[in-house]
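1. got a predicted structure here, sequence first:
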Amino acid sequence: MKQKVKIIIGALSLVLIVLVACQKKESGAISPNFKENAGTGGNPNANNPTVTGINTATNPATQNSSINNVGGTGWSNPTCASLGGKTLRGINGNTKVTIEFYTAPASGTYAIIAGAPNSSGGTCVLSVENAPNQPAGVVWGARSGVVVVNSTTAAVNASFNNIQCVQSTFNFPQVTVSGVVGCSQ
């Protein structure tokens, strides 16, 4: 009888050891899980939804427009603090036409480029902010064209004709500008 009790206790002990060894242990570490177990249907942070896929950019402008006679009636050209400035600007209300040079412009012809004027000289950047008949706050930049500068000891004037400007992310529509911007002492 003693032998049967020892065998039963031994068998129960073996079953208990197997049950304890096979029990799943919970870990505090972050690990992948099924969305049903996360309780949020796949988003681990229900209060901060995530976006997947590609968002298509929407162009706020829908039609071409033009600005003729920049620098003419109704336009102001800020006075230069000194003629060594690198920027010329024409302003009419909220509309601003800006030409930036790498160094103070001298008389001559400058190629309009996109981006920033480079140190090799002979280049400039032309931009238009808040063009008439276009959405407010949109900046338009010219990618090519020519600016002719006439510089004297008293003033600097830059003329341009039919320069097409586009948005940084859209090639259409376009804003075409013509006129003269400058500054005087």
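-> That came through, no problem.
2. can you give me the neighbour number for residue 104?
-> 15 (other Cβ atoms under 10 Å). Where C-beta positions appear, they are placed from N, C-alpha and C, glycine not excepted.
3. from now on call the first residue 409
-> That works, and once the first residue is 409, the last one we named lands at residue 512.
4. hang on, it in a strand?
-> No: going by DSSP: H, G, I helix; E, B strand; the rest coil, the assignment for residue 512 is coil, not a strand.
5. bridged to residue 550, which residues?
-> residue 573 (DSSP bridges).
6. so it touches residue 571, yeah?
-> Yes: counting by Cβ atoms under 8 Å, residue 550 does reach residue 571; the two are 4.8 Å apart.
7. pull up the overlap in contacts between those two.
-> 520, 534, 585 (Cβ atoms under 8 Å, 6 or more residues apart in numbering).
8. show me where pLDDT drops low in this protein?
-> 413, 423-424, 426-464, 487, 489-492, 593 (pLDDT under 70).
9. what sits against residue 577?
-> Neighbours of residue 577 in contact, by Cβ under 8 Å, 6+ apart: 465, 467.
10. quick check: the gap between it and residue 466.
-> 10 Å (Cβ to Cβ, to the nearest Å).
11. then residue 415?
-> For residue 415, the distance to residue 466 - Cβ to Cβ - is 80 Å.
12. more neighbours, the two?
-> A count of neighbours by other Cβ under 10 Å puts residue 415 above the other of residue 415 and residue 466, at 10 against 6.
13. for the more buried one, helix, strand, or coil?
-> helix.
14. that one: what's it in contact with?
-> Residue 415 neighbours (Cβ under 8 Å, 6+ apart): none.
15. residue 568: neighbour count?
-> 23.
16. quick one: secondary structure of it?
-> Following three-state DSSP, residue 568 is assigned to strand.
17. what's it in contact with, if anything?
-> With Cβ under 8 Å, 6+ apart, residue 568 has these contacts: 478, 507, 520, 534, 553-556, 585-588.
18. name the nearest residue to residue 589, ignoring sequence neighbours.
-> residue 498 (4.0 Å; Cβ to Cβ, 6 or more residues apart in numbering).
19. meant to ask about residue 545
-> residue 538 (6.9 Å).
20. same thing with residue 516?
-> residue 557 is the one closest to residue 516 (Cβ to Cβ, 6+ apart), at 5.9 Å.
21. what strand or helix carries that neighbour?
-> If you go by DSSP states H and E, residue 557 is part of strand 554-559.
22. who does that strand pair with, and is each partner parallel or antiparallel?
-> strand 516-520 (antiparallel), strand 563-574 (antiparallel).
23. what is the neighbour count of residue 529?
-> 13.
24. quick one: it from residue 494, how far?
-> With the distance defined as Cβ to Cβ, residue 529 ends up 12 Å from residue 494.
25. what residues are shared contacts of these two?
-> Joint contacts of residue 529 and residue 494 (Cβ under 8 Å, 6+ apart) are 510-511.
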